[in-house]
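A.B. asks: Coordinates for the following, if possible.
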Amino acid sequence: MTIEVPVLRLGLAGFSEVEQKAAAELAKLAGTPRASWDIAPFAKADAWWLEGRHTMLLPNKHLRVQPAVPSGRSVQIALADVDRPVAFSLPLPPGFKPAVSFLLEDRRAALQVLHQFTGFMQTSLAQFCLAASVADNQPTLGAGSWEVLRQGDLLAVVDLKLGAAVDPSATAADFDGASWCVREHGAVMIPLNWPRATVSQLMWQYAQRTQRDLLPPHYRTRPLFFRRPPRLAQRQLKDAHLLLMRELVAQPGMRFEELQHSTGLGDASLARYLSALYVVGSITSNPRRASAAAHLAAAVRDSVPSKQSLFESVMDTAPRGSDMAARQALDLTAPLPLTRE
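C.D. replies: The predicted structure follows:
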């Protein structure tokens, strides 16, 4: 089994059309077995290249990057708040000395910057590879704890209480042929130097980045139900995720086509947003797994037998809807109240 190689996204600001084309060619050349690179919208990028000649230093210690194309827009940022790798092309404004700079015409130097960025994001890349392996193996995984072994060496751990952790140096190749071994609850240990993430965080980030279609085929034909809010910070959810949850709370049992009509989302976009909610256990096609708000509709819907999967059991340790006490009526305006359990 071959695990997909993650694609890192490079955002550009201040570059001319010719320079953007050169940057795109460099991004393609920067691919390695760990990750490949592609140009992406600035706000969605994992790393930024900013054109030094069009960068202005503002009095409030912010930077403004002026566009170099007629249809472009200026970008204003505060370097102290930047949460991703950033580099500036030469020449730079007088007195400005960023941590990383390069000459775009120097292909070797520009590629070195992207390789450096790849190294900065190695932990995220390793987590992506673990999540891809989870997606491949989840139909055969029941509730429990797992160790992922590569030729007898521990590669990753997935546990309900401990969360998910992976060797930070792991690559996609390490997961090719790796074994998933079920362990008893509490029988696994995570090495101290391995960063941890909740399983929901792991799979949510994967769903935002992967090019694979993670939505099971029957989710396009069966009635769908809201199950529970994602166990994530609300800032990680987009308006479309909140809208879909609101629709399924208001009208349990809506189907894919009905959601298309009610939200105005296209086929590919709807599938992608539903996939993210699916992998964190927030929606289900089985009315027996639906939230209390959907149980009134369960009696008139077809029950969907399903295997125990990571998405439907591992990510949900809360009581089922039938075990929950009655709640007050929900506020059905977006955003959906994420404190609801």
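
A.B. asks: Every contact and neighbour count from this point should use C-alpha atoms.
C.D. replies: OK.

A.B. asks: contacting residues for the closest residue to Val182 other than its chain neighbours?
C.D. replies: Residue nearest to Val182 in three dimensions, not counting chain neighbours: Trp146, with 4.7 Å by CA to CA, 6 or more residues apart in numbering. Contact analysis of Trp146 by CA atoms under 8 Å, 6 or more residues apart in numbering lists Val157, Val158, Asp159, Trp180, Cys181, Val182, Arg183, Val188.

A.B. asks: Neighbour-wise, which one of those residues leads?
C.D. replies: Sorting the contacts of Trp146 by how many neighbours each has (other CA atoms under 10 Å) puts Val158 first, at 27 neighbours.

A.B. asks: how far out from the middle of the chain is the helix or strand that contains it?
C.D. replies: Here Val158 sits within strand 153-159, counting by DSSP states H and E. Chain-centre distance of strand 153-159: 20 Å, with CA atoms, centre = their mean, to the nearest Å.

A.B. asks: got a list of contacts for it?
C.D. replies: If you take CA under 8 Å, 6+ apart as the criterion, strand 153-159 is touched by 130, 144-149, 163-167, 170, 174, 185, 188-190, 199.

A.B. asks: With stretch 254-270 instead?
C.D. replies: Tyr219, Arg220, Thr221, Arg222, Pro223, Leu224, Phe225, Leu243, Leu244, Glu247, Leu248.

A.B. asks: of the residues you listed, buried ones?
C.D. replies: Listed as buried from the contacts of stretch 254-270 are Tyr219, Arg220, Arg222, Pro223, Leu224, Phe225, Leu243, Leu244, Glu247, Leu248; burial here means 16 or more other CA atoms under 10 Å.

A.B. asks: Which helix or strand contains the residue nearest to Val182?
C.D. replies: Going by DSSP H and E, Trp146 is in strand 145-150.

A.B. asks: That strand vs strand 153-159, what angle?
C.D. replies: Between strand 145-150 and strand 153-159, the angle formed by their directions is 160 degrees, by axes from the mean of the first three to the mean of the last three CA atoms, to 10 degrees.

A.B. asks: residue ranges of the helices in the stretch 151-300 of the chain, please?
C.D. replies: In the stretch 151-300 of the chain, the segments counted as helices under DSSP state H, counting those that start in this stretch are 172-175, 199-209, 239-250, 256-263, 267-279, 295-298.

A.B. asks: Tell me the buried residues in the longest one?
C.D. replies: Same thing as helix 267-279. Neighbour-count burial for helix 267-279 flags Leu270, Ala271, Arg272, Tyr273, Leu274, Ser275, Ala276, Leu277, Tyr278, Val279 (criterion: 16+ other CA under 10 Å).

A.B. asks: The residue nearest to Gln201 when sequence neighbours are not counted: neighbouring residues, count only.
C.D. replies: In space, and not counting its chain neighbours, Gln201 is closest to Leu232: 6.7 Å by CA to CA, 6+ apart. By other CA under 10 Å, 14 other residues sit near Leu232.

A.B. asks: if I read this right, Leu232 contacts Leu202, doesn't it?
C.D. replies: No. Using CA atoms under 8 Å as the test, Leu232 is too far from Leu202 to be in contact (10.5 Å).

A.B. asks: where does the residue nearest to Ala78 when sequence neighbours are not counted land on pLDDT?
C.D. replies: Leaving aside its chain neighbours, Ala78 sits nearest to His62 (4.5 Å; criterion: CA to CA, 6+ apart). Note on His62: pLDDT of 91.

A.B. asks: likewise Ala298?
C.D. replies: 45.

A.B. asks: coming back round to it: so in terms of bridging, what pairs with the residue nearest to Val182?
C.D. replies: Per DSSP bridges, the residues bridged to Trp146 are Val158, Val182.

A.B. asks: Val75 too?
C.D. replies: Bridge pairing for Val75 - DSSP bridges - gives Val65.

A.B. asks: contacting residues for it?
C.D. replies: Residues in contact with Val75, defined by CA under 8 Å, 6+ apart, are Ala13, Arg64, Val65, Gln66, Pro67.

A.B. asks: If we use 7 Å, what do you get?
C.D. replies: Shown in contact with Val75 (CA atoms under 7 Å, 6 or more residues apart in numbering): Arg64, Val65, Gln66.

A.B. asks: from the residues you listed, which is closest to Leu92?
C.D. replies: Of all those, Leu92 sits closest to Val65, with 11.6 Å by CA to CA.

A.B. asks: Was I right to think the closest one contacts Ile77?
C.D. replies: No. Checked against CA atoms under 7 Å, the pair Val65 and Ile77 is beyond contact range at 8.5 Å.
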